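Participant: Sequence first, then the predicted structure:
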Amino acid sequence: MNIPIQSKSRIQLERTRPTARTILRDVEGYARLSQLSGNAKTGRVNVTLTTHATCDQDCPWYTHPPEHEDHDPNEKRLCYALQGNSYLQNVRHMRQHSSGFDRMRAAWAEAALIDVARAVHVGEPVGLRLHEAGDAYGYAATVLARAVLRYVLRAWNGTDGVYRDRQLWTWLGMQGGRQLAWTYTHHWRRCDPANWSADFDGELVSPISVLASCETVEHVHQAHSEGWATCLVVQRHTAPVRDLGTWTSPGGTIKKQFRGVACPAQTADVQCKDCGLCMQSQRNREHGIVVLFEVHGSPVAMKEKLITLTSKGGKGIP
């Protein structure tokens, strides 16, 4: 069910916004920031991570972290955030237990870290990869969108205090261009794309490129019907571009051809900060472009993911 931005719950959440002191106290438990990450895939961009407890439990890769009270030692950790350095250095130190967990506090904590990155990179258009681990929906997404808007405005603020209007509007995606910040969400079934908007001079803008994470072509069509740009997990890359069939609107009046484009960071010597394919959700949606990701993670996890792709839903593409 879509959760509107304007609602009684939103007003209540705004009134109960935590103080700066409580946000700082919660940051280590709820979110982390990697300044100018050295990640080989993304390149030198700012990266935030938040607790695994914010993730959609309907995600086919979801398992409870070892620190969670409901963790099953027999469950295989398929999510890349629970493997390797991402887990060892960040995720395992975060608050993972369901009892007393507050997803809004996680959003406020992550927003605070985005503000930290904003203050450091004044006048520098440094990319921002939002929650490499974790997710958000509803008003939590709006809190993050506001923080990202502040980040984008600061990044494009000239030394004389005047915004470079032409560049700024392009990076906000108002002209369908590449944006400075990007992320992915499994919460697309319960969230409205408008939740990822913020007010800019009296107008709602989308300061971040958000792609709905899908596992089947049917999911891609469903997410598109609900207003999302999309990405899709595939078993392997067999071609740079693949035909994903035709989407027909519920009323049958609109038809759109979908094309899957293999992630260049997986198929060529290019990093996310230079590629920008995932940073143009508005353009991708308009032109029926779906970003394809080959299953990734540890060798064992990848093998299990291939099994999951064919067993859950049964219609993942090879």
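Facilitator: Structure received.
Participant: Asn46 reaches Glu110, doesn't it?
Facilitator: No - counting by CB atoms under 8 Å, Asn46 sits too far from Glu110 to count as a contact (11.8 Å). Quick note: C-beta positions are derived from backbone N, CA and C, even for glycine.
Participant: Looking at those two, which has the bigger crowd around it?
Facilitator: Glu110 (29 against 25; other CB atoms under 10 Å).
Participant: and that one, what pLDDT?
Facilitator: According to the per-residue confidence, Glu110 scores 92 in pLDDT.
Participant: Any figure for the gap between it and Gly43?
Facilitator: 21 Å (CB to CB, to the nearest Å).
Participant: Glu110 and Phe101, how far apart?
Facilitator: Applying CB to CB to Glu110 and Phe101 gives a distance of 14 Å.
Participant: oh sorry, the question was meant for Val261
Facilitator: Distance of Val261 to Phe101, computed by CB to CB: 37 Å.
Participant: try Arg283
Facilitator: Look at Arg283 and Phe101: by CB to CB, they are 36 Å apart.
Participant: Also Leu244?
Facilitator: According to CB to CB, Leu244 and Phe101 sit 37 Å apart.
Participant: neighbour-wise, which of these two wins?
Facilitator: Under the neighbour definition other CB under 10 Å, Leu244 and Phe101 were set side by side, and Leu244 has more, 21 against 16.
Participant: Now the more buried one: closest residue in space that isn't a chain neighbour?
Facilitator: The shortest distance from Leu244 to any residue that is not its chain neighbour, by CB to CB, 6 or more residues apart in numbering, is 3.8 Å, and that residue is Phe258.
Participant: Helix or strand: which one has the one you found?
Facilitator: Per DSSP states H and E: Phe258 is located in strand 255-262.
Participant: what residues does that strand touch?
Facilitator: Defining contact as CB atoms under 8 Å, 6 or more residues apart in numbering, one finds that strand 255-262 is touched by 217, 220-221, 224, 232, 234, 237, 239-249, 277, 287-292, 294, 317.
Participant: can you rerun that using 6 Å?
Facilitator: Residues from elsewhere that reach strand 255-262, judged by CB atoms under 6 Å, 6 or more residues apart in numbering: 237, 240-242, 244, 246-248, 288-290, 292.
Participant: Just give me the closest of those residues to His64.
Facilitator: Ranking the contacts of strand 255-262 by separation from His64, with CB to CB as the measure, puts Leu292 on top at 28.4 Å.
Participant: Bridging across strands, which residues link to the closest one?
Facilitator: The residues listed as beta-bridge partners of Leu292 by DSSP bridges are Leu232, Ala262.
Participant: tell me the pLDDT at it?
Facilitator: What the model reports as pLDDT for Leu292 is 93.
Participant: List the contacts of it.
Facilitator: Contacts for Leu292 were tallied using CB under 6 Å, 6+ apart; they are 232, 234, 260, 262.
Participant: Let's see that with 8 Å instead.
Facilitator: Going by CB under 8 Å, 6+ apart, Leu292 touches 231-234, 237, 242, 260-263.
Participant: now swap in Leu33 and tell me
Facilitator: Applying CB under 8 Å, 6+ apart, we find Leu33 in contact with 46-49, 113-114, 116-117.
Participant: which pair in those residues spans the largest distance?
Facilitator: Comparing all pairs in the contacts of Leu33 by CB to CB, the longest separation belongs to Leu49 and Val116, at 13.8 Å.
Participant: Mind checking which of the two has more residues around it?
Facilitator: Comparing Leu49 with Val116 by neighbour count (other CB under 10 Å), the higher total belongs to Leu49, at 24 against 16.
Participant: Per-residue pLDDT of Arg92, please?
Facilitator: Per-residue pLDDT puts Arg92 at 68.
Participant: so can I have TSV of the contacts of Leu33 showing pLDDT, distance to Phe200 and secondary structure?
Facilitator: As requested, the contacts of Leu33 are arranged in TSV below (pLDDT from 0 to 100; distance: CB to CB, whole Å; DSSP: H, G, I helix; E, B strand; the rest coil):
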residue	pLDDT	distance to Phe200	secondary structure
Asn46	89	21	strand
Val47	89	24	strand
Thr48	90	21	strand
Leu49	86	27	strand
Leu113	88	21	helix
Ile114	91	16	helix
Val116	84	21	helix
Ala117	84	19	helix
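Participant: export the residues you listed to JSON lines and tack on distance to Glu132?
Facilitator: Converted to JSON lines, the contacts of Leu33 look like this (distance: CB to CB, whole Å):
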{"residue": "Asn46", "distance to Glu132": "11"}
{"residue": "Val47", "distance to Glu132": "5"}
{"residue": "Thr48", "distance to Glu132": "7"}
{"residue": "Leu49", "distance to Glu132": "5"}
{"residue": "Leu113", "distance to Glu132": "12"}
{"residue": "Ile114", "distance to Glu132": "13"}
{"residue": "Val116", "distance to Glu132": "16"}
{"residue": "Ala117", "distance to Glu132": "14"}
